[in-house]
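S.K.: Following is a predicted model, sequence given first.
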Amino acid sequence: MEFESPTSRCIPSDVVLDPPPFPIILPPPPFPFNPSLFFVMDNQRSISLLQFMADEELVPSPDEEDKRKNAIKKLKQIVSLWIKKVACQHQLPKHQIAVTSATILTYGSYGLGVHSSESDIDALCVAPFFASIAEDFFVVLHDMLKRSPEVSDIHCVKSAKVPLMRFKFDGISIDLPYARLNVLYVPENVDILNPFFMRNIDDTSWKSLSGVRANRHILHVVPNIEKFQSLLRCLKLWAKRRGVYGNLLGYLGGVHMTVLVAYVFQRHPDATLNSLIMNFFQIFAFWPWPTPVMLQEGMLLTALDAIDTRSFMPIWLPSSPYEFCHTNITKSTFHRIRTELLRGHNMTRDLLKTNFNWDDVFESFPYSKRYLQFVKIYLSSHNQYALGDWVGWIKSRFRGLVVILEGIQGFCDPNPTEYTDSEQTEPHVVFYWGLQHVKNNIIDIDLVKGEFMKIINNGYEGTPGRMELSILLTSQLPKKALMMGL
């Protein structure tokens, strides 16, 4: 596929574009340069983008915000009671019991202030050294939460890379990992960027704290938090609509999007919202991957000494000691991400385009028009509670299935959307992944399932559900899935 030149018209001075990794010879402008016209068009697009955000209801209502704040406040109160109880059970002296404390720190989309009304809350329980994860967190705190009238659907996910409890609090889904610090009491707004609190902590606590630390660093380095939040909200919606959002399926996760957006924002802090989006697509459509993206110049020497050559899109967390964001990107998903970045660049680069519409940029990816074949992944279990664990486990191993299908077909597009089959009564979810049609190449789906079963059967602690794989033509897709945008 050949792409057009990254720039076909003159760009105004307030839209600062990083140069692509190869020289480009620009044609002479077809008309005299008029800076005021570009300025007007840029601002008009920014205003229309803000209107688009309002129409899409990307920002939760004040009532929804209050509900989330109250949920976190109540959760903090439960944790405060819990740590006192644990201190008593460990028979600490009375004066230590009196001063000991634990807290809840939020991170992820909620911690950054870019969550939607449907978003989960990522919350971290941070406690002193004496409270163990196996007994005090997963048993004592679990039982206290389970008895709380606001809590429902609680279960422990001990086998995850970052062990956590997952539950609903007043109907809001919360993921709660655990970290303990080598202190007797944890201040309510503990500064986890302070090296004092990070000394001599265990590996699980370190992993649990990394998301909070990355959030705090990013909020410190971006010059205008409100504009940064608007930009990140827009680009996360773009990634979801275009089917390139979801770390478990090999696409960009929340932390990846956050670092990429912060990188652009750091370099163009005074640009308009429209110019920032133009810069985002321009920079990363032509980024010389696998050169890593890093927010701080001081990271350079450390990063170059430790480049992960296996990663297609290495992105560094901005918290010391520096480390790569975990990524599941494969050859296929890397191609899809690059293609969508180029599409975004081509659609936004021309400020003088008369029929420009943000709805076109954020249009949902048309899977049924792009692929002739799909692999259907049907996951089911005996009840909704067990299904959640089973689907979560399978999704955490999805990269293995993508790689297996790539080895046979050369390309696989794992659509992140979860569907349901109206003809099935048992609790279930269905995925439809696009496949590149290869003439005279018949997929042995039983062989694919056998290879994938070797991956998913390794380490699952719950009761396994059912998984069925099948190959469908586009004409065989259910009408309901097509109506939902497949």
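M.R.: Thanks, I have it. Residues are numbered from 1 along each chain as shown.
S.K.: Select the longest strand from the protein.
M.R.: The longest strand of the chain (DSSP state E) is strand 172-181.
S.K.: And that one, what's buried?
M.R.: For strand 172-181, the neighbour count (16 or more other CB atoms under 10 Å) marks Ile172, Ile174, Asp175, Leu176, Pro177, Tyr178, Ala179, Arg180, Leu181 as buried. In short, each C-beta sits where N, CA and C put it, glycine included.
S.K.: Write down the beta-bridge partners of the residue nearest to the fourth one when sequence neighbours are not counted, one by one.
M.R.: With sequence-adjacent residues excluded and distances taken as CB to CB, 6 or more residues apart in numbering, Leu176 is closest to Met165, at 4.7 Å. Applying DSSP bridges to Met165 yields these beta-bridge partners: Cys156, Leu176.
S.K.: Tell me, how many residues neighbour Met165?
M.R.: 23 (other CB atoms under 10 Å).
S.K.: cool, the one 5 residues further on as well?
M.R.: Number of residues near Asp170 (other CB under 10 Å) recorded here: 15.
S.K.: I'd guessed it sits against Pro149; true?
M.R.: No. Under the criterion of CB atoms under 8 Å, Asp170 makes no contact with Pro149, lying 9.6 Å away.
S.K.: before we move on, back to that, how about the residue nearest to Leu176, what does it touch?
M.R.: Residues near Met165 by CB atoms under 8 Å, 6 or more residues apart in numbering: Phe137, Phe138, Leu141, His142, Leu145, Ile154, His155, Cys156, Val157, Asp175, Leu176.
S.K.: And Ser117, by the same measure?
M.R.: Per CB under 8 Å, 6+ apart, neighbours of Ser117: Glu57, Pro60, Ser61, Glu64.
S.K.: Nearest residue to the first one in space, please, no chain neighbours.
M.R.: Sequence neighbours aside, Ser117 is the residue nearest to Glu57 in space, at 7.2 Å (criterion: CB to CB, 6+ apart).
S.K.: The third one now?
M.R.: Nearest-residue entry for Ser61: Ser117, 7.3 Å, with adjacent residues in sequence omitted and distances by CB to CB, 6+ apart.
S.K.: any idea how far the one you found is from Ser332?
M.R.: Separation of Ser117 from Ser332 (CB to CB, to the nearest Å): 32 Å.
S.K.: cool, and Asp191?
M.R.: Relative to Ser332, and taking CB to CB, Asp191 is found at 42 Å.
S.K.: higher neighbour count, the two?
M.R.: The residue with more neighbours, out of Asp191 and Ser332, is Ser332; 23 against 10, by other CB under 10 Å.
S.K.: quick one: that one is in a helix?
M.R.: Yes. The assignment for Ser332 is a helix, going by DSSP: H, G, I helix; E, B strand; the rest coil.
S.K.: Just the closest of the contacts of Met165 to Ser101, please.
M.R.: Leu141 (14.4 Å; CB to CB).
S.K.: Tell me, what's the model's pLDDT at the residue lying closest to the closest one once chain neighbours are set aside?
M.R.: Excluding its sequence neighbours, the residue lying closest to Leu141 (CB to CB, 6+ apart) is Trp82, at 5.0 Å. At Trp82, the model reports a pLDDT of 98.
S.K.: How about the one 4 residues further on?
M.R.: On the pLDDT scale, Val86 is placed at 98.
S.K.: Report all helices and strands that whatever helix or strand it lives in contacts.
M.R.: If you go by DSSP states H and E, Val86 is part of helix 62-89. Contacts defined by 3 or more CB pairs under 8 Å, 6 or more residues apart in numbering; DSSP states H and E place helix 62-89 against helix 94-99, strand 103-107, strand 121-128, helix 142-147, strand 164-169, strand 172-181.
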